[in-house]
Each structure stands twice: as C-alpha cells, then as structure tokens.
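S.K.: Fold the stuff below for me.
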Amino acid sequence: MNGVRPKIEIFKPFGEAFELTNKILFQPFDLKKWLVIGFAAFLSGHLAGVGFNFPSPFGNFQSHRATQDLIPDHLEQWKPWLVAAVVVLAVLFFGFVIALTWLKARGHFIFTDCIVRNQAAIAAPWREYRKEGNSYFLFLLAVMFVILLLAGLILASAFGLGWLKQGAGDTGSIASIGLIVFLFVFWVSIVIFVSIATYFMVPVMYRKRCRAVEAFRDVTFLMFHHVGSFFLFCLFGVVLILAVLMIGAIVTCATCCLAALPYIGTVILLPVFVCLHAFALAFFRQFGPDYDVWASFMPAEFVPILSGASPAPPSPGPNLPPEPPSSPSV
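M.R.: This next block holds a predicted model:
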C-alpha cells in the first residue's frame, strides 16, 4: 500500500460488466462460444433453476413406541440391514457432494479465464490452473467442515438450553432465547463473511498463482481495511440476486421450464451469469494491481471499457511544408 486509499465504486464496475458481457457474448454472436462458456459456468456452480430441497430431520418426531408400531412385523428382519443401507447412502451422498465441490472449485478458474481472456476454452485453463483449483477445493472442504461443526455446536447448545430452561423461570427462558438468537446471528455472520472471502479468493489465486491459504489471508486483510466498500457490495449483491431470481422465474415460465434444466438453463441465462462474475472482477480490480485479473493481460477489445477512456485518436503526422510543384517536363 502506498498510503493512498483507492476510490471504490459500485455502479461504475457494474456498467463495465454490462459492456464486457456485450463484448464477450454478442459482439459477435457465436453459438459455439456460448455453449463452451456456458459449460464453464455450469462447472462453476451456475445451475440455473436447479435446486435441492432437504427435508428437516426434526419433522414428525414421535416416541420410540409410536415408531415401533409403524413398522410392519415382516420388516423386523430387515432391521440389521437398515443401518448398513443408511451408512452406504450417506457415504455415496458425501462422495457426490465432494465431487461436485471439486468440479466447482476447478470450474471457477475456467469460467474466470473465459471472461478475462474473452475466449471459450475448457481444457487449457483446466490444465493451467490445476494446482490452484485443487488447493481451492481442499480449502472449501475445510471451510464446509468448520461451518457444519459450528452449526452442530449451536444446535447442541440450543437443545441443551431448551432442556435446562424447563426448570428455570421466565427470566431464564428469555436469557436462553436471547443466547440462541445471538448464536444463530453469529453463525450467519460467519457464513456470509466466509462466502465473500472464498468468492474473491479465486481472482487473487488467478492473479498471483498462490495457494488458497495465502489468498484467504490476503482477502481477509483487504476486507477488514475496506469494510464499507464490501458492505456496499453485499447490499448491491442482494439487489442483483433478487433481480436474477425474477429474471430466472420469468425466463423459466417463458421457456416452459426449459431454463430449469441443468446446463440448458445455464446457457439460456448465460448473459446474467457472465455479467455478475464480470461485475465482481471489475469491482475487485479497483483495489490495486494485485487484485486486477487484467493486469498482466487484457484483450484489445476490453481496453476502451476497462481503461475508463475511449482510445485516443491517431496522432497526426508532423506539419511539413507543402512540397513545391514539380517543374513540367520539356
């Protein structure tokens, strides 16, 4: 840092991202380029309208006797196998989640490279950023484990307080509820902070070719020194997310739910995903060259957009005196 705080804006990088999206996807329009970049966006986790709903493990809780009555007698012999089946399904589920997380970590670098270089490529960035992608994947696994551990501790504390407050008065109940609310808000704050930090780790690792721990330390330091800028980014991001949900719902209805299909919906909504990612990259580059993914390479068509000024007109040649007319030949 040279002591001069950079001027961080919100609307200017969004305008740049909108123009970059036009350059990448529409000038000129290339269906093959759309399909390749759409696949990169799909790998990075942009699944369009696809979602997963997990049932609550606390619904319809009954006593052991009630559960026993619901099990038919002829299924009693299958009880020893139920535990094994649940264990196998749990292992398959976590293996599937780990595989998706790995693909998402590698896909982030591919999608970023497509936007930075304005090219449709999968294999080249997959090989080039293999080390960074694997490091990012291991870091995401560690973060997921820590967040789930915190959630488990908070749930255990909530159940413990609920059991203890049975013998307490109204004052103890109010204090227990206040503590549970505080723990929940604390957990949500941690999740939001880690989500933003891990999101901006990819541009740092892409720019510096560093490990995930170093990138996390760098982004965390930057966030603590520019709290206001990142807070405004989060607020504007909430507005963008609501707008994306509305656009996604309208497009899904207009395409008879075709936009809800994996990959197909990603390609249909590709301008939205490219604009959002380009906005994050354009916002992040305002903090200095170390955070500018275009610092080492910028496509010529991006220069008028990202330089903030139109290209200078060609300089006129030197003002030479007019040549004397040639003498007529005799």
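S.K.: Quick one: name whatever helix or strand follows the helix or strand of the chain with the lowest mean pLDDT.
M.R.: Scoring the helices and strands of the chain by mean pLDDT, DSSP states H and E places helix 64-70 at the bottom, with a mean of 45. Next in sequence after helix 64-70, counting helices and strands by DSSP states H and E, comes helix 79-117.
S.K.: any idea how far residue 248 is from residue 106?
M.R.: 25 Å (C-beta to C-beta, to the nearest Å). Where you see a C-beta, it was placed from the backbone N, CA and C, and this is true even at glycine.
S.K.: typed the wrong thing, it's residue 109
M.R.: Computed as C-beta to C-beta, the residue 109 to residue 248 distance reads 25 Å.
S.K.: Among these two, which residue is more densely surrounded?
M.R.: For residue 109 and residue 248, the more surrounded residue by other C-beta atoms under 10 Å is residue 109, and the numbers stand at 24 against 18.
S.K.: contacting residues around that one?
M.R.: Listed by C-beta atoms under 8 Å, 6 or more residues apart in numbering, the contact set of residue 109 reads 125, 129, 132, 133, 136, 202, 205, 206.
S.K.: closest to residue 235 among those residues?
M.R.: Residue 235 has its nearest neighbour among these in residue 202, at 21.7 Å by C-beta to C-beta.
S.K.: Low-confidence stretches in the stretch 51-200 of the chain?
M.R.: 51-80, 160-173 (pLDDT under 70).
S.K.: Try it again at 80.
M.R.: 51-84, 154-180, 183 (pLDDT under 80).
S.K.: which ones are touching the closest residue to residue 44 other than its chain neighbours?
M.R.: The shortest distance from residue 44 to any residue other than its chain neighbours is 3.8 Å, reached at residue 107 (C-beta to C-beta, 6 or more residues apart in numbering). Counting by C-beta under 8 Å, 6+ apart, residue 107 touches 40, 41, 42, 43, 44, 45.
S.K.: Looking at those residues, spot the one nearest residue 121.
M.R.: residue 40 (8.3 Å).
S.K.: The closest one: what's it in contact with?
M.R.: Contacts of residue 40 by C-beta under 8 Å, 6+ apart are 107, 110, 111, 114, 120, 122.
S.K.: Swap in 6 Å and give it another go.
M.R.: 110, 111, 114 (C-beta atoms under 6 Å, 6 or more residues apart in numbering).
S.K.: looking at it, the second one is touching residue 41, isn't it?
M.R.: Yes: in terms of C-beta atoms under 6 Å, residue 111 counts as a neighbour of residue 41; the distance is 5.3 Å.
S.K.: Just give me the neighbour total for residue 181.
M.R.: 10.
S.K.: could you dump the contacts of residue 40 to a markdown table with distance to residue 290 and neighbour count?
M.R.: Listed next are the contacts of residue 40 as a markdown table, based on distance: C-beta to C-beta, whole Å; neighbours: other C-beta atoms under 10 Å:
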| residue | distance to residue 290 | neighbour count |
| --- | --- | --- |
| 110 | 22 | 25 |
| 111 | 21 | 26 |
| 114 | 22 | 25 |
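S.K.: got a markdown table for those residues, with distance to residue 190 too?
M.R.: Formatted as a markdown table, those follow (distance: C-beta to C-beta, whole Å):
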| residue | distance to residue 190 |
| --- | --- |
| 110 | 29 |
| 111 | 26 |
| 114 | 31 |
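S.K.: Just give me the closest of these to residue 226.
M.R.: Of these, the one sitting nearest to residue 226 (C-beta to C-beta) turns out to be residue 111, at 24.8 Å.
S.K.: Which of the helices or strands spans residue 280?
M.R.: helix 270-284.
S.K.: so what does that helix touch, helix or strand wise?
M.R.: Applying 3 or more C-beta pairs under 6 Å, 6 or more residues apart in numbering; DSSP states H and E, we find helix 270-284 packed against helix 11-25, helix 31-43, helix 170-208.
S.K.: closest one to residue 291 among the ones you listed?
M.R.: helix 170-208 (6.4 Å).
S.K.: tell me which residues of that closest one are tucked away?
M.R.: 176, 180, 183, 187, 194, 196-198, 200-207 (16 or more other C-beta atoms under 10 Å).
S.K.: what's the answer for stretch 25-36, then?
M.R.: 25, 33, 34, 36.
S.K.: swap in stretch 209-218?
M.R.: 210, 211, 212, 215, 216, 218.
S.K.: If you count neighbours, what's buried in stretch 39-49?
M.R.: So, applying 16+ other C-beta under 10 Å, buried residues of stretch 39-49: 39, 40, 41, 42, 43, 44, 45, 46, 47, 48, 49.
S.K.: residues contacting the fifth one?
M.R.: Shown in contact with residue 43 (C-beta under 6 Å, 6+ apart): 103, 107.
S.K.: Kindly indicate whether the closest residue to residue 286 other than its chain neighbours is helix, strand or coil.
M.R.: Excluding the flanking residues, the one nearest residue 286 by C-beta to C-beta, 6+ apart is residue 8, at 5.1 Å. Classification of residue 8 by DSSP: H, G, I helix; E, B strand; the rest coil places it in coil.
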